[in-house]
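>>> Fold the following and give me the result.
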Amino acid sequence: MSTPASAGARPARLEDLRPALQRIGQAHVLAFADRLRDAERAGLAGDLATINLDALPGLIERFCEPAPADGLGELRPPTVCCLRGTPGDHAIDAEEARKAGLELVRGGRVAALTVAGGQGTRLGFDGPKGTLPIGPVSRRTLFEVFADQIAAASRWAGTPIPWLIMTSPQNHEQTIAFFGERDWLGLDRTQIRFFRQGVMPCFDPATGRLLLAEPHRLATNPDGHGGVVRALVESGELDRLERGGVEHISYFQVDNPLVTPIDPAFLGAHAAAGGARSSGQISSKMVPKAAPEEKVGLFARVAGRTRVVEYSDLPEEVARERTPDGRLRFEAGSVAIHAASVRFLREIHDAGERALPFHRAFKKVPYVDVETGNRVEPESPNAVKLERFVFDAVPVADESLVLRCEREREFAPVKNAQGVDSVATGAALQIECAARWLEERGHAVPRGDDGAPACTLELSGGAAWAHAAGETHEPEGTPAAGSRVLI
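Numbers count the residues shown, from 1 in each chain. Next up, the predicted model:
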């Protein structure tokens, strides 16, 4: 619903918007208009101009009603593919898939896309989450970890690989400033493209009235990671990719330092190489769930289609089902890593809600009472928030590939300040990943009594890319206990 203003378009004015607001019963948002300064009036008008006012009554009617029970129907485990033989999985020829993926990379037909709208607040960090220092040895930030790999892949390909970064209205300027201050992290400035995520207005579930965060600002929320499709189109970036010959996008979220931004084997399998069962429209990576209660989405087959079921929607008894060999029957956890064709994303956008429906959540949203002008801090959920999920595109595909990957090598989510999925666990997983990389190449790694590496290790972008590309990258020497080594 968020639409950036066209270049050269005349800014919206409250006077122009008033008739439309009156027509849909939302004129209360202008309650303070007469006392606002010019800049504040422009701010409120700008917020309102991003909303499709004609579509708003239909959304409010649908999402103010009690939610019907979402019957999932019969769930079946999905077909999972693997590059290394795993019993029960569909095996893919890894070398053939990697070769096909490398051809895509060398041909300039691949771009990376990072969803990076989050702030580091929950991590106890002041700034965009992508600027969080995360390298165990180098103290590289999340953005720098990705940039180093993209740079290595670009050097190998002999052409700059486009890197698209979706920011939020809250961190857009900060993110661009960070890249500028650090000389674009060693990349060509022209290969990095920033675009803003859209927002949706928050509204009262009882009345359907839009809420004001301040007398001159609407209460809004980001439109979800599924908003990336609309934002790509409305920012002009999807057109730009098509003109540049890019055919596939490697999608990942900013909070995973173990992600491989450009994974040739995955991209090749996505494009149906190596015997992969793929339509080449959208593909996903999965890891086996660590436990039934782990808070990750789950791949399953529903009505003949692969889809992602949110962990909160999965009945507990289903989540705990096990196979005769003791594995979880529904183990295919989503790690928010996808590959999608540019053409498919265009089709998803054009299909609108039929492809990417809105989901609602009830949240506590502070607001300004338009009758009294007082700010209200609610003690219980008082507002409807709407968002889209990118994984809702999975069942739209003719055949969606789900590829097994190793948690220890590709999944280290950094979401919390302490405990599970924290900065500390993210660092530990990076160290373990680097240790395994060394051991597989015949290098001894000192380990403590608990089995953890007794040294601090970190893979460089060059080493990570060499591993992904199947090339040789031999480190110098063997790490000693207590040492700190960037490989």
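>>> C-alpha from now on. contacts and neighbour counts both.
Will do.
>>> ok now stretch 421-431, how far from the chain's centre?
With C-alpha atoms, centre = their mean, to the nearest Å as the basis, stretch 421-431 stands 19 Å off its chain's centre.
>>> nope, stretch 357-367 is what I was after
19 Å.
>>> contacting residues around that stretch?
Residues outside stretch 357-367 that contact it (C-alpha atoms under 8 Å, 6 or more residues apart in numbering): 63, 211-214, 219, 375-389, 392.
>>> so of the residues you listed, which ones are in helices?
Cross-referencing the contacts of stretch 357-367 against helices under DSSP state H gives Phe63.
>>> From the contacts of stretch 357-367, keep the buried residues only.
63, 211-214, 219, 382-389, 392 (16 or more other C-alpha atoms under 10 Å).
>>> Run through the bridge partners of Leu386.
On the basis of DSSP bridges, Leu386 is bridged to Arg360.
>>> Spit out the contact partners of it.
Taking C-alpha under 8 Å, 6+ apart as the criterion, Leu386 is in contact with Met200, Pro201, Cys202, Asn221, Asp223, Phe358, His359, Arg360, Ala361.
>>> among those, which ones are buried?
Among the contacts of Leu386, those buried by neighbour count (16+ other C-alpha under 10 Å) are Met200, Pro201, Cys202, Asn221, Asp223, Phe358.
>>> Torsion angles phi and psi at the last one?
The reference is to Phe358. Main-chain dihedrals, Phe358, degrees, to the nearest 10: phi -80, psi 150.
>>> same deal with Val287?
Phi and psi for Val287, reported as degrees, to the nearest 10, are phi -130, psi 150.
>>> distance of it from Arg230?
28 Å (C-alpha to C-alpha, to the nearest Å).
>>> The stretch 251-400 of the chain: helices as residue ranges?
264-270, 316-319, 342-351 (DSSP state H, counting those that start in this stretch).
>>> Show me where the stretch 51-200 of the chain dips below the pLDDT cut-off.
66-71, 85-88 (pLDDT under 70).
>>> Sketch out the strands for it, chain order is fine.
Remark: strands assigned in the stretch 51-200 of the chain by DSSP state E, counting those that start in this stretch are 75-76, 81-82, 90-91, 110-115, 163-167, 192-196, 199-201.
>>> Does anything pack onto the second one? Which helices or strands?
The one in question is strand 81-82. The helices and strands touching strand 81-82, judged by 3 or more C-alpha pairs under 8 Å, 6 or more residues apart in numbering; DSSP states H and E, are strand 90-91, strand 401-404.
>>> 10 Å instead, please
strand 90-91, helix 264-270, strand 282-288, strand 401-404 (3 or more C-alpha pairs under 10 Å, 6 or more residues apart in numbering; DSSP states H and E).
>>> got TSV for the ones you listed, with distance to Glu321 and mean neighbour count too?
Formatted as TSV, the helices and strands packed on strand 81-82 follow (distance: least, C-alpha to C-alpha, whole Å; neighbours: other C-alpha atoms under 10 Å):
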stretch	distance to Glu321	mean neighbour count
strand 90-91	22	18
helix 264-270	29	29
strand 282-288	14	24
strand 401-404	20	27
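>>> can I get these in a markdown table with distance to Phe344?
Formatted as a markdown table, the helices and strands packed on strand 81-82 follow (distance: least, C-alpha to C-alpha, whole Å):
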| stretch | distance to Phe344 |
| --- | --- |
| strand 90-91 | 24 |
| helix 264-270 | 13 |
| strand 282-288 | 8 |
| strand 401-404 | 14 |
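>>> So for Glu353, which of the ones you listed sits nearest?
Of all these, it is strand 282-288 that lies closest to Glu353, at 17.6 Å by C-alpha to C-alpha.
>>> Mind exporting the C-alpha coordinates of the closest one to CSV?
Provided in CSV are the C-alpha atoms of strand 282-288 (Å, rounded to 0.1, in the frame of the first residue of the first chain):
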residue,chain,number,x,y,z
ILE,A,282,11.3,-19.7,-6.2
SER,A,283,13.5,-22.0,-4.2
SER,A,284,14.3,-22.2,-0.5
LYS,A,285,16.9,-23.5,1.9
MET,A,286,16.0,-25.5,5.0
VAL,A,287,17.7,-26.8,8.1
PRO,A,288,16.5,-29.6,10.3
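>>> what lines up beside it in the sheet?
Paired with strand 282-288 in the same sheet, following DSSP bridges, are strand 332-341 (antiparallel), strand 401-404 (parallel).
>>> Not counting its neighbours along the chain, what's nearest Leu328?
Arg322 (4.3 Å; C-alpha to C-alpha, 6 or more residues apart in numbering).
>>> Longest helix in the protein, please.
Longest helix in the chain, counting by DSSP H: helix 423-440.
>>> Report the buried residues of it.
With the criterion 16+ other C-alpha under 10 Å, helix 423-440 contains buried residues 423-438.
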